[in-house]
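Undergrad: Need a 3D model of the sequence below.
(chains A and B)
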2 protein chains.
Amino acid sequence: MSKPKILKGMRDFFPGEMQRREYVLSLIKQVFKSYGFLPIETPAIEYWDILSGKYGDEEKLIYKFKDRGERDVGLRFDFTVPLARVISMHPEITMPFRRYQIQPVWRADKPQKGRMREFYQCDIDIVGTSSILADAEIISITSGIFEKLGFSAKGRSASGGKEFKIIVNNRKILSAICQYAGIESEKELEVCRTIDKVEKIGKDGVKEELEERGIRKECINNILSVLEINSIELLEKEISGFGDEGIKEMKELFSYLKYFEIPKQRVSFSLWLARGLDYYTGSIFETVVEKPRIGSLAGGGRFDKLIGKIGNKDIPAVGTTIGLERVITVMEEQNMFPSLEPQPKVLITQFDKSSLKYVFNIARDLRENGIETEVYPDFVKLSKQFRYARKRGIPYVVVAGPDEIRENKMTIKDMKSERQELVDRKGAIEWFKDNLPTVRQGGNNGL
Amino acid sequence: MSKPKILKGMRDFFPGEMQRREYVLSLIKQVFKSYGFLPIETPAIEYWDILSGKYGDEEKLIYKFKDRGERDVGLRFDFTVPLARVISMHPEITMPFRRYQIQPVWRADKPQKGRMREFYQCDIDIVGTSSILADAEIISITSGIFEKLGFSAKGRSASGGKEFKIIVNNRKILSAICQYAGIESEKELEVCRTIDKVEKIGKDGVKEELEERGIRKECINNILSVLEINSIELLEKEISGFGDEGIKEMKELFSYLKYFEIPKQRVSFSLWLARGLDYYTGSIFETVVEKPRIGSLAGGGRFDKLIGKIGNKDIPAVGTTIGLERVITVMEEQNMFPSLEPQPKVLITQFDKSSLKYVFNIARDLRENGIETEVYPDFVKLSKQFRYARKRGIPYVVVAGPDEIRENKMTIKDMKSERQELVDRKGAIEWFKDNLPTVRQGGNNGL
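TA: Model prediction:
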């Protein structure tokens, strides 16, 4: 058979990477829960009817296929559309409904840095309220999470170059600008999709693409000049009369943000922020870092019409997604991870069959006391077993041969200092509790 | 648009169900880790080449499709085959390698009780040792997990009808029996697949299917009579000379099990256990409960030839999978779940905009002290906000209107007792720590 391969844009995650993923996920979940969000999960596969017509240009990235019953289906592309399906199917859900969802999604995109074909998203949404307080809360949670992960001077592993920014805009404002610039309302979504690409293709690229999409030159010039305005007050003067609701929402949002103690310079307003997906209707936001250039780490917005598109009733909603892989990539490149505990803590070596009972009794004692313990499965030379522990990074090795058994003791070797000590079997738990400080605190918090 | 639907055999999981899932998963992970197993994850999609020819009759249940690049691919069907691919691609992995993997798998099976099309499996495997001690350890871990979940008199929520059994057999023994019965070795796998169905189709059904598969009548009679033998000693006499290795392994396995303190009656030997998948080569085992009848809750075995089939080098391995959904179904039907904490703990009501600052300050204080707190997002009547808290099962509601703010206090209502108390803002954390015992112990252990 040919050499075994993994698909491009997909990855295996090994224990060290998994530990970092679990570290980040557990912090994210902790913040989600602290704000009262509860988890849901949805299937990987959805009917094609549910997925189609929701994502604009990006629909072509959905893994679409026929299942074994010849039904048209697709793999989950995000959680917003499945959430809208869940809400439509379950009118009994108590509103406002705050849920989080952490699972993988799949996109048949061109793989590149920060762009995988399978990646985890961490979403929160508040469904059933049009209060802009909810928009502010979503931004506050995002800010709190990035702080906790060390992405700011207030965070714990502070150093240069990691400060993050949250950029906000509003689709209603973009819509008003389109009207002001003389663009037909059917073209608004296309214009948003094009503006969204500015980071990738530059302003000239946006101009070209708008031309290709058949927008008249004068309209393009109009819109591009308005997008350069960077103050809400100036914008308000410029486009007054073409819909003030977006500007009103934006002002309300900023007025609420101050209650969440987010540093002022962290949240800024940019008309160039558009978000590619079709379903946004109000506030939109993205979290970015200057270094490395990797696209946004989080993004979201208000989608008051999506649920009505799937069910028969509009229900307002707002939320955000955090891209786990990108966050981890940045944290790795910027050395933001704290040192995580070695796992397991102890390897017990094998001597011969006569010591098996003693060895497994020690193992059980340690495990019952929260000390992760591996027993070597083969009867091979001790030197080979020590070599294994060293390669694996297991900090302590226990030897329990006939001499130790006779005295009801064990030899514990500290693999780092190379020192070894003969310890009473009864005193072993205490010995490890003294030497592994985290055990005393009741385990390793699931990392 | 037509009524939104979810695919048959797939499910949405709501917060209450998620909490039970997380409870079970966190116990399972804790045991996996205590034995030194570390997590890996693999992609949902694999090349068809990797998946095909590994699962016998069940291959037709793989979700197979062409991806956007016209490659033949399939959705993950189990973790054993992806593990074999990982091992083949990464000769640098230190052996013995103990890994666990917890993710969903997909099978286009006929949906029925205990049989979903998307379900989570929890796998552990030890790769790189042929020591039967590893087989015994896998059985010991399985036993430990079911005990911890309350499936036995030793478990914590003990009551009748939940005692579980682990049934073991060995493929080498089945192979010897086939030879003894005069069945050609090319037919052995087919015979195993058929015997595996005995729970579903009964012994007569097995007989019929063996006939359909072209096995001669006398061979069928031979094999069925041997399968009834229920002692290793009698079997050894009967088939002596047709391969003793399986019997030797089985005896060794039972001799090791006693070191793991598993009650003797829990593990029993049955020749009728065959396991449907093609890749097993030695020990095989399944965990079952009498009630409800739902198929096996866990199953696994030794697969010493699978890795060589994918890479170019045989590496011995043994492991098991635990089926999360079936475990939860049994635990729900048998009322085995302890009462899990309500989440969130507190709802802070909204009064008007003038109290926003005060309200969000209280919320931040509570959250920073590990008390999950939701703030109602709309300025609506208090009675509506209380109704929301009641529906959601939030145990405490905080009111902070102008009167409370003036005195730097808040009113806390216990939704169960209906009592309310005026508490100093500074004393609120202490008040909740006294009333929510788990907060004092440092949060809710990620449930």
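
Undergrad: what about residue A:242, how many neighbours?
TA: 15 (other C-beta atoms under 10 Å in any protein chain shown). C-betas here are computed from N, CA, C, even on glycine.

Undergrad: Now do the same contact list for it.
TA: Contacts for residue A:242 were tallied using C-beta atoms under 8 Å, 6 or more residues apart in numbering or on different chains; they are A:176, A:177, A:179, A:180.

Undergrad: out of the residues you listed, which one sits closest to chain B?
TA: Proximity of the contacts of residue A:242 to chain B (C-beta to the nearest C-beta) peaks at residue A:176, which lies at 25.4 Å.

Undergrad: Am I right that the closest one is in contact with residue A:243?
TA: Yes: using C-beta atoms under 8 Å, residue A:176 is in contact with residue A:243, at 3.7 Å.

Undergrad: just to revisit the earlier point, make TSV from the contacts of residue A:242 and add pLDDT and neighbour count to it.
TA: As requested, those are exported to TSV (pLDDT from 0 to 100; neighbours: other C-beta atoms under 10 Å in any protein chain shown):
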residue	pLDDT	neighbour count
A:176	94	22
A:177	94	25
A:179	94	16
A:180	94	19
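
Undergrad: What is the nearest of these to residue A:250?
TA: Among the contacts of residue A:242, residue A:176 lies closest to residue A:250 (C-beta to C-beta), at 11.2 Å.

Undergrad: Show the contacting residues for the closest one.
TA: Counting by C-beta under 8 Å, 6+ apart, residue A:176 has contacts A:239, A:242, A:243, A:244, A:246, A:247.

Undergrad: wait, is it part of a helix?
TA: Yes: counting by DSSP: H, G, I helix; E, B strand; the rest coil, residue A:176 is found in a helix.

Undergrad: just to revisit the earlier point, check the contacts of residue A:242 and tell me the two furthest apart.
TA: Maximum distance among those (C-beta to C-beta): 7.3 Å, for A:177 and A:179.

Undergrad: Secondary structure element holding residue A:357?
TA: Residue A:357 belongs to helix A:356-368 when elements are defined using DSSP states H and E.

Undergrad: The closest residue to residue A:181 other than its chain neighbours: which element?
TA: Distances taken as C-beta to C-beta, 6 or more residues apart in numbering or on different chains put residue A:222 closest to residue A:181, at 3.6 Å, once the chain neighbours are dropped. Following DSSP H and E, one finds residue A:222 within helix A:217-227.

Undergrad: What residues sit buried inside that helix?
TA: A:219, A:220, A:222, A:223, A:224, A:226, A:227 (16 or more other C-beta atoms under 10 Å in any protein chain shown).

Undergrad: Show me what it is packed up against.
TA: helix A:171-181, helix A:198-212, helix A:232-239 (3 or more C-beta pairs under 8 Å, 6 or more residues apart in numbering or on different chains; DSSP states H and E).

Undergrad: What residues does the stretch 301-447 of chain A have near chain B?
TA: A:309-311, A:343-344, A:347, A:356-357, A:360, A:364, A:367, A:370, A:372-379, A:388, A:391-392, A:442-443, A:445-446 (C-beta under 8 Å from any C-beta of the partner chain).

Undergrad: ok, residue A:51 to residue A:106 distance?
TA: 11 Å (C-beta to C-beta, to the nearest Å).

Undergrad: Apologies, that question was intended for residue A:234.
TA: 42 Å.

Undergrad: and the residue nearest the centre of chain A, backbone torsions?
TA: By C-alpha atoms, centre = their mean, chain A has its centre lying nearest to residue A:324, at 2.9 Å. Torsion angles at residue A:324 (phi, psi; degrees, to the nearest 10) stand at phi -60, psi -50.

Undergrad: So which of the residues of the stretch 301-447 of chain A next to chain B are in strands?
TA: Among those, DSSP state E puts A:347, A:373, A:374, A:375 in strands.
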